[in-house]
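# Sequence and computational prediction follow.
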Amino acid sequence: MQNTALIVFHMARQIIPLKKPDDIKRIRDAGRIAAGIFDELASSSLESQSTWEIDSFIDSHIIKSGARSAFKTVRGYNYASCISVNDEIVHGVPSRKRKLRSGDIVKVDIGVALYGYFSDSCRTIKVGAVSPAAEVLVDATMKALDRAAALMVPGNCLGDIGSAVEKTAESGGFSVVRSLSGHGTGFSLHEPPVVLNYGDPGTGVVLVEGMVLALEPIFNEGSGELRFLENGWTAATGDGRLSAHFEHTVAVTGKGPVLLTA
């Protein structure tokens, strides 16, 4: 990408691309498309819909917005979203056979590419009446994202973000999935640095103005262990218990954190 400032994270020799204000605006344009999709999904009944039908709606909405699915740029993946149900943690593959029922919690993960800029976001949606335990899990995971995003200011460290997420999980009796993480994004779907959901305050990469990160807390009701399903994509909880996932693309600016997918 031309005219891009770069910062080098010397510990791992990662090159983290910084975004200028105009870049951030363009990433936000992509993020607003995903936000509009989530608003529509949240206001409609997903009960009895297949995950394939939901993905088709997402794909159509992205195309009508003049954008394209960022996930379709991933080699071998042919869907506009990942839709993970109940014990599925991430990368659920849309299926005509998988129909949603009242009581399900559904993680809808959407990436949007617009004129060369990328956003990445996920929400856990409650279908109908869910159990009290599922309510608590979903609310705690969403709270962790809010706390992490509030720390996206110059001078803080990635360890501050990871620690906030981990402490939120532990206070609710949940586990973070340590083998999955957030990441940089903006000029491509996945960029450095890795953004862990655990850590020690004051450690790791120091945040500077122009960083754009996809923060994505993932909480499991039971163990933080996972297993992969036969499709080769989907990760599910090792013990079959519920998992929740939220994600926002967030920019570090001199005026504070900016949620680009809100």
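Yep, that arrived.
# now the strands for the stretch 101-250 of the chain?
Secondary structure of the stretch 101-250 of the chain, counting by DSSP state E, counting those that start in this stretch: strands at 105-114, 117-126, 175-176, 182-184, 191-195, 212-215, 218-220, 226-228, 235-237, 243-245, 248-253.
# just so I know, which of these lies nearest Gly155?
Closest to Gly155 of these, according to Cβ to Cβ: strand 248-253, at 9.7 Å. C-beta: built from backbone N, CA, C; applies to glycine.
# number of nearby residues for Arg96?
10 (other Cβ atoms under 10 Å).
# surely it meets Asp55?
No. Counting by Cβ atoms under 8 Å, Arg96 stays clear of Asp55, with 10.0 Å between them.
# And Pro17, its phi and psi?
Dihedral angles of Pro17 (phi, psi; degrees, to the nearest 10) stand at phi -70, psi 130.
# Helices of the stretch 1-150 of the chain, start to end?
For the stretch 1-150 of the chain, the helices defined by DSSP state H, counting those that start in this stretch cover 21-42, 51-64, 132-150.
# do you know which of the strands of the stretch 101-250 of the chain lies nearest Gln49?
Gln49 lies closest to strand 105-114 among the strands of the stretch 101-250 of the chain, at 9.8 Å (Cβ to Cβ).
# what bits of this protein have low per-residue confidence?
1-13 (pLDDT under 70).
# now the nearest residue to Ala134 once chain neighbours are set aside: how far from Glu209?
Excluding the flanking residues, the one nearest Ala134 by Cβ to Cβ, 6 or more residues apart in numbering is Ile105, at 5.2 Å. For Ile105, the distance to Glu209 equals 36 Å [Cβ to Cβ, to the nearest Å].
# Settle it for me: which of those two has more neighbours?
Neighbours were counted for Ile105 and for Glu209 using other Cβ under 10 Å; Ile105 has more, 25 against 16.
# Who does that one form a beta bridge with?
For Ile105, the beta-bridge partners are Lys126 (DSSP bridges).
# Reformat the strands of the stretch 101-250 of the chain as JSON lines; add distance to Gly31.
JSON lines is the format used below for the strands of the stretch 101-250 of the chain (distance: least, Cβ to Cβ, whole Å):
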{"stretch": "strand 105-114", "distance to Gly31": "7"}
{"stretch": "strand 117-126", "distance to Gly31": "4"}
{"stretch": "strand 175-176", "distance to Gly31": "24"}
{"stretch": "strand 182-184", "distance to Gly31": "14"}
{"stretch": "strand 191-195", "distance to Gly31": "15"}
{"stretch": "strand 212-215", "distance to Gly31": "10"}
{"stretch": "strand 218-220", "distance to Gly31": "20"}
{"stretch": "strand 226-228", "distance to Gly31": "27"}
{"stretch": "strand 235-237", "distance to Gly31": "24"}
{"stretch": "strand 243-245", "distance to Gly31": "17"}
{"stretch": "strand 248-253", "distance to Gly31": "5"}
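# of all these, which lies closest to Asp59?
The closest of the strands of the stretch 101-250 of the chain to Asp59 is strand 105-114. By Cβ to Cβ, the value is 9.9 Å.
# Which other helices and strands does that closest one contact?
Counting contacts by 3 or more Cβ pairs under 8 Å, 6 or more residues apart in numbering; DSSP states H and E, strand 105-114 packs against helix 21-42, helix 51-64, strand 68-69, strand 81-85, strand 88-90, strand 117-126, helix 132-150, strand 243-245.
# what's the most buried one of these?
Compared across these, strand 243-245 shows the largest average neighbour count, a mean of 28 (mean count of other Cβ atoms under 10 Å).
# Name the residues of stretch 228-236 that are buried.
Buried positions in stretch 228-236, judged by neighbour count with 16 or more other Cβ atoms under 10 Å: 233-236.
# got a list of what Asp120 touches?
Listed by Cβ atoms under 8 Å, 6 or more residues apart in numbering, the contact partners of Asp120 are 70, 109-111, 183, 185, 189, 214, 216, 247, 249, 261.
# biggest separation within these, which pair?
Pairwise over these, using Cβ to Cβ, the maximum falls at Ile110 and His183, 15.3 Å.
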